[in-house]
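Visitor: Fold the following and give me the result.
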Amino acid sequence: MSRFRSLLGTKAARGTLAAIFWLAAWQAVSFCAPKILFASPRRTVAALARLAGQGGFWLSVAHTLGKSALGFLLAFVSAVLLAAVAHRFLVAKTLLEPAVQLMKSLPVACFVVVALIWMPSAWISVLVAGFVVFPVTYINLQDGLSRLDRQLDEMAQVFRVPFAARLRYLYLPQVLPGVLSGCRVSVGMCWKAGIAGEIIGLPLHSIGEQLYLSKFYMAVDELFAWSLVIIAISLVLEKLIARALRYLRRKMEGGYGDPV
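Guide: The predicted model follows:
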């Protein structure tokens with residue numbers, strides 16, 4: 001028993017064991033379920049290899065990934081700017097509050113149906129990604145700004161510390177942790193929400209369109225293959241964002257000791 005526990009002492013070993021367990025469960029279910037409704041791991045991998053050899057596969061991945069990234073960036077920048085304005089002016093905060101609450105509460109499917117009346121389906125993933133990312137970033141930044149040490153801020157103003165120095169050494173250390181955690185959560189949310197919007201809007205050359213066509217033609221192996229692609233990209237994005245955020249935090253924390 002102790003030897004078994006020692007083998008599970010590393011994160012890689014635990015991850016490998018979990019992967020083997022769920023692959024075995026997947027394979028077991030595939031033996032019982034009808035092939036027309038459920039694809040085995042072997043059929044899924046074969047379908048994925050077949051799809052990967054087609055140019056349309058990579059075009060769909062690039063299209064959806066690019067549009068989701070664009071929506072994320074636009075929403076993130078907008079949320080940062082508006083949160084700063086709302087923190088400075090109470091009127092702006094009061095006016096923005098209902099819109100943020102609406103974005104938090106409204107289901108993505110309802111928003112997509114309404115948005116398709118106003119804009120082409122080709123841009124629906126950009127709008128949906130922004131719709132999901134904006135409230136998360138805005139609320140986290142607002143929370144961080146509300147916890148700023150006002151005494152330190154007043155002291156910095158009395159001693160006429162330049163705004164760039166105050167931003168780096170005073171504001172960012174207090175605001176950054178919440179923003180980074182919100183950013184990490186919203187990346188995965190915007191990726192999944194963007195694809196959900198594509199399934200409804202069906203823009204050409206998108207993952208959402210491919211998922212819909214796989215379901216329409218009952219190509220269950222391709223449906224499972226596209227699902228694996230979505231999961232894999234989501235995991236890669238999460239790892240990349242987490243690593244980039246850790247690097248950014250180390251760089252900034254390493255510079256806080258510099259003289260102002």
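
Visitor: Where does pLDDT dip in the protein?
Guide: 1-9, 148-154, 156-161, 163, 165-169, 249, 251-260 (pLDDT under 70).

Visitor: just the helices in the stretch 151-260 of the chain please.
Guide: Listed in chain order, the helices of the stretch 151-260 of the chain (DSSP state H, counting those that start in this stretch) span 163-166, 172-201, 207-216, 220-255.

Visitor: quick one: which of those is nearest Met103?
Guide: Each of the helices of the stretch 151-260 of the chain has some distance to Met103 by CB to CB; the shortest is helix 172-201, at 11.4 Å. (Glycine included, C-beta is placed from N, CA and C.)

Visitor: Quick one: list the elements packing against that closest one.
Guide: Counting contacts by 3 or more CB pairs under 8 Å, 6 or more residues apart in numbering; DSSP states H and E, helix 172-201 packs against helix 55-88, helix 108-118, helix 124-146, helix 207-216, helix 220-255.

Visitor: okay, the ones you listed in a markdown table with distance to Arg14 and mean neighbour count next?
Guide: Shown next, in a markdown table, are the helices and strands packed on helix 172-201 (distance: least, CB to CB, whole Å; neighbours: other CB atoms under 10 Å):
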| stretch | distance to Arg14 | mean neighbour count |
| --- | --- | --- |
| helix 55-88 | 29 | 18 |
| helix 108-118 | 33 | 14 |
| helix 124-146 | 29 | 23 |
| helix 207-216 | 30 | 19 |
| helix 220-255 | 16 | 15 |
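
Visitor: Of all those, which one is nearest Gly178?
Guide: So among the helices and strands packed on helix 172-201, helix 124-146 is nearest, using CB to CB, at 4.2 Å.

Visitor: counting contacts, what elements does the closest one pack onto?
Guide: helix 55-88, helix 90-105, helix 108-118, helix 172-201.

Visitor: Distance from it to the middle of the chain?
Guide: 11 Å (CA atoms, centre = their mean, to the nearest Å).

Visitor: Send me that helix as PDB with only the CA atoms.
Guide: Presented in PDB, the C-alpha positions along helix 124-146 are these (Å, rounded to 0.1, in the frame of the first residue of the first chain):
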ATOM      1  CA  ILE A 124     -21.000  36.100 -33.400                       C
ATOM      2  CA  SER A 125     -18.100  34.300 -31.700                       C
ATOM      3  CA  VAL A 126     -16.300  37.600 -31.200                       C
ATOM      4  CA  LEU A 127     -19.400  39.200 -29.600                       C
ATOM      5  CA  VAL A 128     -20.100  36.100 -27.500                       C
ATOM      6  CA  ALA A 129     -16.500  35.900 -26.200                       C
ATOM      7  CA  GLY A 130     -16.600  39.600 -25.300                       C
ATOM      8  CA  PHE A 131     -20.000  39.200 -23.600                       C
ATOM      9  CA  VAL A 132     -18.600  36.500 -21.300                       C
ATOM     10  CA  VAL A 133     -15.200  38.000 -20.600                       C
ATOM     11  CA  PHE A 134     -16.300  41.600 -19.900                       C
ATOM     12  CA  PRO A 135     -18.300  41.200 -16.700                       C
ATOM     13  CA  VAL A 136     -15.700  38.800 -15.100                       C
ATOM     14  CA  THR A 137     -12.800  41.200 -15.800                       C
ATOM     15  CA  TYR A 138     -14.800  44.300 -14.900                       C
ATOM     16  CA  ILE A 139     -16.000  42.900 -11.500                       C
ATOM     17  CA  ASN A 140     -12.600  41.600 -10.500                       C
ATOM     18  CA  LEU A 141     -10.900  44.900 -11.400                       C
ATOM     19  CA  GLN A 142     -13.600  46.800  -9.500                       C
ATOM     20  CA  ASP A 143     -13.100  44.700  -6.500                       C
ATOM     21  CA  GLY A 144      -9.400  45.200  -6.600                       C
ATOM     22  CA  LEU A 145      -9.800  49.000  -7.000                       C
ATOM     23  CA  SER A 146     -12.200  49.200  -4.100                       C
END
